[in-house]
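Peer 1: Model the structure of this input:
(one chain, ligands or ions: 1)
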Amino acid sequence: MGNAIDALKRHLGEVMDLQKALQLLSWDQSTMMPPGGSATRGAQFATLARVLHERFAGDETGRLLDAAAAETAAMAADSDEACLVRVVQIDWDKARRVPTELRAGMAEAEANGYGVWVQARAANDIEAYRPVLERHIELKQRYIELFPEAAEPWDALFDDYERGMTAAEVRVAFDRLKVGLKPLVAAIAANPEAVSDAVLRQRFPVAEQEACSRHLISDWGFSAESWRLDPTHHPFAASMAPTDIRLTTRYDEHDLGMSLGAAMHEMGHGLYEAGVDPALVRTPLCRGCSLALHESQSRLWENLVGASRAYWTYASPILRSTFPAQLGNVDDESLYRAVNRMQPSLIRVEADEVTYSLHIIIRFELEQEIFNGDLRAADIPEAWNAKMRDYLAIDVPEPSVGYMQDVHWATGGFGYFPTYALGNILSAQIWDRVLVDIPDLAARIERGEFDPLREWLRTHLHRHGRKFTPKETIRLVTGTDLDPEPYLRYLTAKVTGLYGAPVA
Ligand code: ZN
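Peer 2: Purely as a prediction, here's the structure:
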């Protein structure tokens, strides 16, 4: 290896150590920290974030990149080293473009926004919340101006999550999804009693739910010494290293489906991080490629595996033996149907497989209007309610379960919602591709053989980490570009089996 590349890697290794320390503080805050820790945690975050930014965005990174680029010029474009220089060069350029004062303003608005949102939501106070949105929109517009090369204003925000992807591309996929999902939503609405999840809504003690979650996701199999699972309010997965994965989940004594779904979802994220090539550890390439690709993995394990009939042939006996009093007499088919109950609802995070993407499309379309200058903060509530009626046939009774339901806009999270629905689309594309190589996948899942699937994903997706752009990575793993058709086919088959034929 060249001297300049080694020097760059040493420098980036320290940058990554700082970043992981920040992530660990954040994980700790959400899982272990006693309430008394919050007084000092903010300062600890701010200090580490500042040191991290100075260390990464400083001139030294640029000098090391230039020197390393001279060495990688002769290397294969897909070598780890050439990818590292290419990706980090863009990260560095973007990090330097944002003035410190704007960065600080956004951080402050995020922190303030959260507090105001909590109170405004509890009181359904539209007027108290409006200035929060106005402030975020104003700051984001200044951010957007720093990236004049974006074809549409919103693209500058989206690029931070799906580098190189645009609103125009998302719009094509979402417009198709809207048309395809509508008759499925109608089929569910026409036959709401066809599926019951009552068996999952008995009383299930938390300790046994936890044991059950651990059993199920352990069977997906990566080293037991490389991950842990802890309870939290809003589940997430974090990676300190491929051999140190922190999963979180949540429990409700009267909703077994929620904890199982959360554990499976986060394990999907965890498997992605665990599968990154160890050669990329302590570099900025050592993580999932993008949020959409990450979500493709959580959704694949949660839904394509965890909500499939084949899986419930395998998993039902485990549930019956863990909960003999509640589930001892419930057959496989009833459990399969219960985890797949669908119903249009107000709250995105409680939405089923079919309606989930419509919640996302609503946010995407509103964000377009906001940043194209066609929708003022004051008009968001009415615009939101109109779209909920149009897409989900639901009336929003009050803002707390309408546009105020998510913390994301309150903390400046504009430009990233589509990654959830893109993840759904990609999960089905990847699944179809896996089936070409493993045609008996369903039979294997019935027998509890998950290694072939996990290793396929590792070989074709996980190991690459962030070496390639999202679009390049999608091509690598699916052999094609973003395409909603496999997802629509998958959902149409599922809804037809559970609720009957789509209603035109
Ligand atoms: Zn997720």
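
Peer 1: and the end-to-end length of stretch 73-89?
Peer 2: 14 Å (CA to CA, to the nearest Å).

Peer 1: Would you mark the buried spots in it?
Peer 2: Using 16 or more other CB atoms under 10 Å as the test for burial, stretch 73-89 gives Asp80, Glu81, Ala82, Cys83, Leu84, Val85, Arg86, Val87, Val88, Gln89. For every residue, glycine as well, the C-beta is placed using N, CA and C.

Peer 1: Mind checking which of those residues are in helices?
Peer 2: Residues of the buried residues of stretch 73-89 located in helices (DSSP state H): Asp80, Glu81, Ala82, Cys83, Leu84, Val85, Arg86, Val87, Val88, Gln89.

Peer 1: Adding distance to Lys9 and pLDDT, write the residues you listed out as CSV.
Peer 2: CSV is the format used below for these (distance: CB to CB, whole Å; pLDDT from 0 to 100):
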residue, distance to Lys9, pLDDT
Asp80, 10, 98
Glu81, 9, 98
Ala82, 13, 98
Cys83, 13, 98
Leu84, 8, 98
Val85, 10, 98
Arg86, 15, 98
Val87, 13, 98
Val88, 10, 98
Gln89, 14, 98
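
Peer 1: can those go into JSON lines with extra columns for distance to Ser38?
Peer 2: Shown next, in JSON lines, are those (distance: CB to CB, whole Å):
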{"residue": "Asp80", "distance to Ser38": "40"}
{"residue": "Glu81", "distance to Ser38": "42"}
{"residue": "Ala82", "distance to Ser38": "44"}
{"residue": "Cys83", "distance to Ser38": "39"}
{"residue": "Leu84", "distance to Ser38": "37"}
{"residue": "Val85", "distance to Ser38": "40"}
{"residue": "Arg86", "distance to Ser38": "40"}
{"residue": "Val87", "distance to Ser38": "35"}
{"residue": "Val88", "distance to Ser38": "34"}
{"residue": "Gln89", "distance to Ser38": "38"}
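
Peer 1: Farthest pair within those?
Peer 2: Spanning the widest gap among those are Asp80 and Gln89, at 14.9 Å by CB to CB.

Peer 1: what about the nearest residue to Arg444 once chain neighbours are set aside, which helix or strand?
Peer 2: Distances taken as CB to CB, 6 or more residues apart in numbering place Pro452 nearest to Arg444, at 6.0 Å, with adjacent residues excluded. Here Pro452 sits within helix 451-460, counting by DSSP states H and E.

Peer 1: Can you name every helix or strand that that helix contacts?
Peer 2: helix 256-274, helix 418-437, helix 441-446 (3 or more CB pairs under 8 Å, 6 or more residues apart in numbering; DSSP states H and E).

Peer 1: tell me which residues of it are tucked away?
Peer 2: Quick answer for helix 451-460 (16+ other CB under 10 Å): Leu453, Arg454, Trp456, Leu457, Arg458, His460.

Peer 1: so who does Trp312 touch?
Peer 2: Contact analysis of Trp312 by CB atoms under 8 Å, 6 or more residues apart in numbering lists Asp332, Glu333, Leu335, Tyr336, Val339.

Peer 1: tell me the pLDDT at the last one?
Peer 2: The per-residue pLDDT reported for Val339 equals 97.

Peer 1: Test my guess that it contacts Gly257.
Peer 2: Yes. Counting by CB atoms under 8 Å, Val339 touches Gly257, with 5.6 Å between them.

Peer 1: before we move on, the earlier item: residues contacting whichever helix or strand comes after the helix holding Pro452, please?
Peer 2: Using DSSP H and E, the helix or strand that follows helix 451-460 in sequence is helix 470-478. Residues from elsewhere that reach helix 470-478 (CB under 8 Å, 6+ apart): 162-165, 289-290, 292-293, 426, 429-430, 432-433, 460-461, 464, 468, 480-482.

Peer 1: hmm, try it at 7 Å
Peer 2: When contacts are defined by CB atoms under 7 Å, 6 or more residues apart in numbering, helix 470-478 is touched by residues 162-165, 289-290, 292-293, 426, 429-430, 433, 460-461, 464, 468, 481-482.

Peer 1: Wait, the residue nearest to Arg444 touches Ile438, no?
Peer 2: Yes. If you go by CB atoms under 7 Å, Pro452 and Ile438 touch, sitting 5.3 Å apart.

Peer 1: Relative to the whole chain's centre, how far out is whatever helix or strand Gly113 lives in?
Peer 2: Gly113 is part of helix 100-123 when elements are defined by DSSP H and E. The chain centroid and the centroid of helix 100-123 are separated by 22 Å, computed with CA atoms, centre = their mean, to the nearest Å.

Peer 1: For the next helix or strand after it, buried residues please.
Peer 2: The helix or strand immediately downstream of helix 100-123 is helix 126-145, counting by DSSP H and E. Buried residues in helix 126-145, counted by 16+ other CB under 10 Å: Ile126, Tyr129, Arg130, Val132, Leu133, Arg135, His136, Ile137, Leu139, Lys140, Tyr143, Ile144.
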